[in-house]
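Asker: Here you go, sequence then predicted model.
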Amino acid sequence: MTTHSTLAAGELSPADALKREVARAALAEVVPGEIIGVGTGSTVNFFIEALGEKPGLVSAAVSSSLASTARLQALGIEVLDLNEVVAQGRRLPVYVDGADEINPALQMIKGGGAALTREKIVAAACERFVCIVDQSKVVQVLGRFALPVEVIPMARASIEKRLRGLGGEPRWREAVVTDNGNHILDVSGLHITDAAAMETAINQWPGVVAVGLFALEGADLALVGSSSGVTRLTK
């Protein structure tokens, strides 16, 4: 006889419990009273929830997606336009985001939530990148998770052809249009031993908006949640 366990109302699955634990640990990396850069995804949603439980911890946020912006605003956290923050010379000490994969060099694959371009923009504007993940996202070599590439719609087929030339198998994420109005190609079958070189090469192809490799500018700190607690990984 097969038995099925069910979660009580409000109870988190083991995977979500790890995400919440590591998200809450990231609060210690926040600079009180300053603007926080906030990413996108299921683990970041728990971080946003934790921020909402600490009124006044941050003065405001800069968000990488419309979805995260809505969550922040719903909790009473002001969301600022990045252009205005930079033009005013205001500090962005920390960016907090998740990853689909991260290696020991703190290089990442990101973009499962289709926000990779805005995530790169906000991350680059911040002084430190704190990556929050559960243990399942830590890999020795990137590529097990299909690599997202955001492309201008008219260039999709030509970029698919070039990605096949790298040995990958691209698939158009047809149901998704990014916040920028573009398409996502998910590239499986890659074994990425030189992530920085691949990021540089793909970024130069006409029609590519951004590739989901965060290798040239990876994370500064990774907080990794596991059944034994949260581990800090640095370069």
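Answerer: That came in fine, so what should we check first?

Asker: Next, residue 58: phi, psi?
Answerer: The phi/psi pair for residue 58 (degrees, to the nearest 10) reads phi -120, psi 150.

Asker: any idea how far it lies from residue 205?
Answerer: Distance, residue 58 to residue 205, using C-beta to C-beta, to the nearest Å: 37 Å. (C-beta placed from N, C-alpha, C; glycine too.)

Asker: what does residue 108 give?
Answerer: For residue 108, the distance to residue 205 - C-beta to C-beta - is 20 Å.

Asker: neighbour count winner among those two?
Answerer: A side-by-side neighbour count of residue 108 and residue 205, using other C-beta atoms under 10 Å, places residue 108 first with 29 against 15.

Asker: Residue 220 is in contact with the more buried one, correct?
Answerer: No: using C-beta atoms under 8 Å, residue 108 is not in contact with residue 220, being 11.8 Å away.

Asker: Residue ranges of each domain in the protein, please.
Answerer: 14-139+216-227, 147-211 (automatic domain parsing).

Asker: ok now the first one, how far from the chain's centre?
Answerer: Once both centres are worked out by C-alpha atoms, centre = their mean, to the nearest Å, domain 14-139+216-227 turns out to sit 7 Å from its chain's centre.

Asker: Then the shortest one?
Answerer: Relative to its parent chain, domain 147-211 has a centroid offset of 17 Å by C-alpha atoms, centre = their mean.

Asker: got the end-to-end distance for that domain?
Answerer: Distance across domain 147-211, first residue to last, is 8 Å (C-alpha to C-alpha, to the nearest Å).

Asker: Same question for stretch 183-202: list its buried residues.
Answerer: 183-187, 190, 192, 195, 198-199, 202 (16 or more other C-beta atoms under 10 Å).

Asker: Tabulate those residues (TSV), appending distance to residue 229.
Answerer: Listed next are those as TSV, based on distance: C-beta to C-beta, whole Å:
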residue	distance to residue 229
183	40
184	34
185	37
186	32
187	34
190	32
192	29
195	28
198	33
199	32
202	36
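
Asker: Show only the entries of these found in helices.
Answerer: Among these, the members found in helices (DSSP state H) are 195, 198-199, 202.

Asker: ok, those residues vs residue 33, which is closest?
Answerer: Set against residue 33, the nearest of those by C-beta to C-beta is residue 199 (34.2 Å).

Asker: Next up, the contacts around that closest one.
Answerer: Residue 199 is in contact with 211, 213-216, counting by C-beta atoms under 8 Å, 6 or more residues apart in numbering.

Asker: so where's the protein uncertain?
Answerer: Within the chain, the segments meeting pLDDT under 70 span 1-10.

Asker: cutoff 80 now
Answerer: 1-11 (pLDDT under 80).

Asker: And the ones in helices among the buried residues of stretch 183-202, which is closest to residue 174?
Answerer: Taking C-beta to C-beta as the measure, residue 174 lies nearest residue 202 of those, at 20.8 Å.

Asker: Would you confirm that that closest one contacts residue 212?
Answerer: No: judged on C-beta under 8 Å, residue 202 makes no contact with residue 212 at a distance of 9.5 Å.

Asker: joint contacts of these two?
Answerer: Counting by C-beta under 8 Å, 6+ apart, the shared contacts of residue 202 and residue 212 are residue 149.

Asker: just to revisit the earlier point, quick one: which of the contacts of residue 199 sit in strands?
Answerer: Among the contacts of residue 199, the ones falling in strands (DSSP state E) are 211, 213-214.
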